[in-house]
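Trainee: Dropping a prediction and its sequence here:
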Amino acid sequence: MGQNTTAGAPARLHIDWTRCDGRGLCIELLPELLERDEWGYPAARSRSARSDIPIPPELIGAARDATALCPLLALTLSPAEELTP
Amino acid sequence: MTLEMPAPTGARPVTVARLLAAGPEADLARHLACFGELNTTDRAAGLATQLEASGLTGRGGAGFAAWRKLAATAESRRALAGRPVVIANGAEGEPLSNKDLILLTHAPHLVLDGLLATAAAVRATTMYVYASQPGLSHIRAAAATRPDAARIRFLEAPEAFITGQATAVVNAIENGLAVPRDHTGHLTERGLKKRPTLLHNVETLAHIALIARYGAEWFRAAGTPDDPGTRLVTLSGDVPQPQVLEVAGGAPLTDILRAAGTDPARLRAVLVGGYHGTWVTQDQLDAPLSPAGLANLGGHPGAGILHALDRTRCGITATADILDYLAGQSARQCGPCRFGLPALAEAWRGMASGSGQHTPAIRLADSVDGRGACAHPDGTARLSRSALRAFADDIRQHAHGNCLRTSR
Amino acid sequence: MFDDAMWAFGRASGIIAMLLLTVSVLLGIVTRSGRPLPGLPRFSVSVVHRNVSLMSAVFLVLHISTLLLDSYAKLNLTDILVPFLGADKPLWLGLGTVAFDLFLAVAVTGLLHHRIGTRAFRAVHWLAYAMWPFALLHGVFDGTGGTSAWFLLGAGTALAAVIAAVIWRISAGFMETASLPSRRRAEAPAPDFQLRRTS
């Protein structure tokens, strides 16, 4: 499953809300895409995709960091192909 | 067959007796006498085609085309994703809905036929019925009278709003806890124990049982081309008698209300689609209860719920009450829902008492929408937005210490 | 001559390892709180905690390998992982071995958090609270000059810092997320989502 083209499928950052506790590390690493709501949780700046956030190519590195550093493992980055440089 | 058919020409009647044609609490004998036999294995191969031609959409609230989910499950099985599972969902957590209970009580054999036919079509041998009491006891008793239902497993759904949500059903069966789970991808690809899982509302399965017998053409003989067939509607609120009616697709809301003995002119608004639905004001009640007909009003038939509010009631108070309930029903797994919904309910309480502005409600609905593992915050935001539209005048009046409700 | 050099490196690397482990424990507690430090956003706290832990691993390895090569220390390979079998001061040496075993478990869970899940990660990572005092006791009672005034002063300071951090850890307002004003409101009890077994 998953596209094998680097130019086609956009990378998406998926938030597992059942794990997220609004710790906010992802917001520090992706301020262009996320802001913190009044209860601490990440809110995507773009209204259309708030649980599966499209990641532009220049922010993939930061998105990988956010995925690795989330203390509750609430983030996943897909498609998996995007994770290999 | 002894099924009542609508008149071929002239006015189409609003109510149609199809699902409940075998009469109250129909046992196996009366069921077979009314509908005839169904050999589920014989009909399995052509079922997907018949379903696609019929245009049947899910009757559980989401309204997806029924044939798509079946085809996707069969596809997953062919891709060796595991042996499929079929689940009949009769959880009916929505307090305003009663149709699943009525169906399980009076036509459980149709539901069982539909479950067996669907399972045969996707070559599944694992089947569940997940329903709240007392509906579960009725269908379980019905299953005990027929050998072909021997492999079906029965599970009681807890009484709460979200226990019928698709991933909550899978979670309940797998882990005994009826709360939604995070999911990427469809249950038809990966669901219960990572197997392709096909979940259908019990009413959808009952329609499938009839389509398997009589075909797509017969199904389309009722309703309209863009909303074929029939659906069960639960009427509640300011109606003479809360009841469940089976109505033809595309029936105008006014006609359905009149069939339930209500004069639409005396109403302030009708909540269409349940607590995650939309308020339709009195002047818009000629809209048909169909996906296309309600789309202009930002609504959807949902699970066929019509909750009437007459002129003596206040729409803001009614909405505030619903939002209090919805906030309390959060699984509290996801932050924006757990904290945002009570805040939204509080904002509406403020508007009801005249002490609050509507701006917090706008902000909070926008904040929670789409930010949860399930659509509970989304549906709640939808209700809030539709109430702001429908009761805009009321809100203005409340801010000045008045209320638009009449005293009869 | 060689032995003296090994002993000197062994002692120095042990002291540095102890220092780094103390900083790591303190940073670990700050990481857990979800709070930033002045000049260090939350993600940096997490990264620095991990980097300091990795550095302490390096110095631990140096500490153990140099002392293996020091014939006066009378260490053999089993003493690295199996405690209390040492030839010289078996109890206090053994505490060092236990501390190292615990360190390995803590470090491995830290590196494999994504693979094992948060519950397993936390269950094992908590052993850091046992690892640190064992390491300190080993340093004071097995180390050369461990009971000397200057060493005890340093050890005492570290102990005070860790005790203060642990008290903070178990205090009510520890988690930044729990103490956000917007989250403080009283919550209604949740519905019961558990399935009852049908009779």
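Mentor: Thanks, I have it.
Trainee: From here on, just use CA atoms for contacts and neighbour counts.
Mentor: Will do.
Trainee: How much space separates residue C:55 from chain B?
Mentor: Plainly put, residue C:55 is 36 Å away from chain B if you go by CA to the nearest CA, to the nearest Å.
Trainee: give me the number of residues near that residue?
Mentor: Residue C:55: 17 surrounding residues under other CA atoms under 10 Å in any protein chain shown.
Trainee: residues in contact with it?
Mentor: By CA atoms under 8 Å, 6 or more residues apart in numbering or on different chains, the contact set of residue C:55 is residue C:20.
Trainee: can we see that at 10 Å?
Mentor: C:16, C:17, C:20, C:21, C:24, C:49, C:61 (CA atoms under 10 Å, 6 or more residues apart in numbering or on different chains).
Trainee: Equivalent analysis for residue C:17, please.
Mentor: C:11, C:23, C:52-53, C:55-63, C:135.
Trainee: and if you look at residue C:159?
Mentor: Applying CA under 10 Å, 6+ apart to residue C:159 gives the contacts C:22, C:132, C:133, C:136, C:153, C:165.
Trainee: What subset of those residues is buried?
Mentor: C:22, C:132, C:133, C:136, C:165 (16 or more other CA atoms under 10 Å in any protein chain shown).
Trainee: Skipping its backbone neighbours, what lies nearest the residue nearest to the spatial centre of chain C in space?
Mentor: Geometric centre of chain C, nearest residue: residue C:128, 4.1 Å, by CA atoms, centre = their mean. Residue nearest to residue C:128 in three dimensions, not counting chain neighbours: residue C:106, with 6.4 Å by CA to CA, 6 or more residues apart in numbering or on different chains.
Trainee: next one: residue C:70
Mentor: Per CA to CA, 6+ apart, closest to residue C:70 is residue C:3, 4.8 Å.
Trainee: Confirm for me that the one you found is in contact with residue C:74.
Mentor: No: between residue C:3 and residue C:74 there is no contact under CA atoms under 10 Å: 11.1 Å.
Trainee: what are the phi and psi angles of the residue nearest to residue B:267 when sequence neighbours are not counted?
Mentor: Closest residue in space to residue B:267, ignoring its immediate chain neighbours: residue B:310 at 3.9 Å, by CA to CA, 6+ apart. Here is the backbone geometry of residue B:310 (degrees, to the nearest 10): phi -90, psi -180.
Trainee: mind checking how far residue B:310 is from residue B:287?
Mentor: 18 Å (CA to CA, to the nearest Å).
Trainee: ok so, going back, and which of the buried ones among the contacts of residue C:159 is nearest to chain A?
Mentor: Relative to chain A, the closest of these is residue C:165; by CA to the nearest CA it sits at 19.6 Å.
Trainee: Which of the helices or strands spans that closest one?
Mentor: Under the criterion of DSSP states H and E, residue C:165 resides in helix C:149-169.
Trainee: For that helix, buried residues please.
Mentor: For helix C:149-169, the neighbour count (16+ other CA under 10 Å) marks C:151, C:155, C:158, C:159, C:162, C:165, C:168, C:169 as buried.
Trainee: same deal with stretch B:42-49?
Mentor: B:43, B:44, B:47, B:48.
Trainee: related to what we said a few turns ago, more neighbours: residue B:310 and residue B:287, which one.
Mentor: Neighbour count, other CA under 10 Å: between residue B:310 and residue B:287, residue B:310 has more, with 24 against 20.
Trainee: So what's the residue count around residue B:56?
Mentor: Residue B:56, neighbours per other CA under 10 Å, totals 25.
Trainee: Quick check: residue C:7 vs chain B, distance?
Mentor: 55 Å.
Trainee: Double-check that residue against residue C:75; I have them as touching.
Mentor: No: look at residue C:7 against residue C:75 with CA under 10 Å: they stay out of range, at 11.9 Å.
Trainee: what's the overlap in contacts for these two?
Mentor: Joint contacts of residue C:7 and residue C:75 (CA under 10 Å, 6+ apart) are C:67, C:68, C:69.
Trainee: and residue C:63, what element?
Mentor: Counting by DSSP H and E, residue C:63 is found in helix C:42-69.
Trainee: how about that helix: buried residues?
Mentor: For helix C:42-69, by 16+ other CA under 10 Å, it's C:42-46, C:48-50, C:52-57, C:59-69.
Trainee: where along the stretch 1-150 of chain B do the strands fall?
Mentor: Assigned by DSSP state E, counting those that start in this stretch, the stretch 1-150 of chain B shows strands spanning B:85-90, B:126-131.
Trainee: can you list the residues of chain A near chain C?
Mentor: Proximity of chain A to chain C, by CA under 10 Å from any CA of the partner chain, involves residues A:19, A:21-29, A:38-41, A:65-73.
Trainee: mind redoing it with 6 Å?
Mentor: Chain A has residues A:23, A:25, A:39 near chain C, with proximity defined as CA under 6 Å from any CA of the partner chain.
Trainee: Among the residues you listed, name the ones in helices.
Mentor: Mapping those onto helices (DSSP state H) picks out residue A:25.
Trainee: Good, we can wrap up now.
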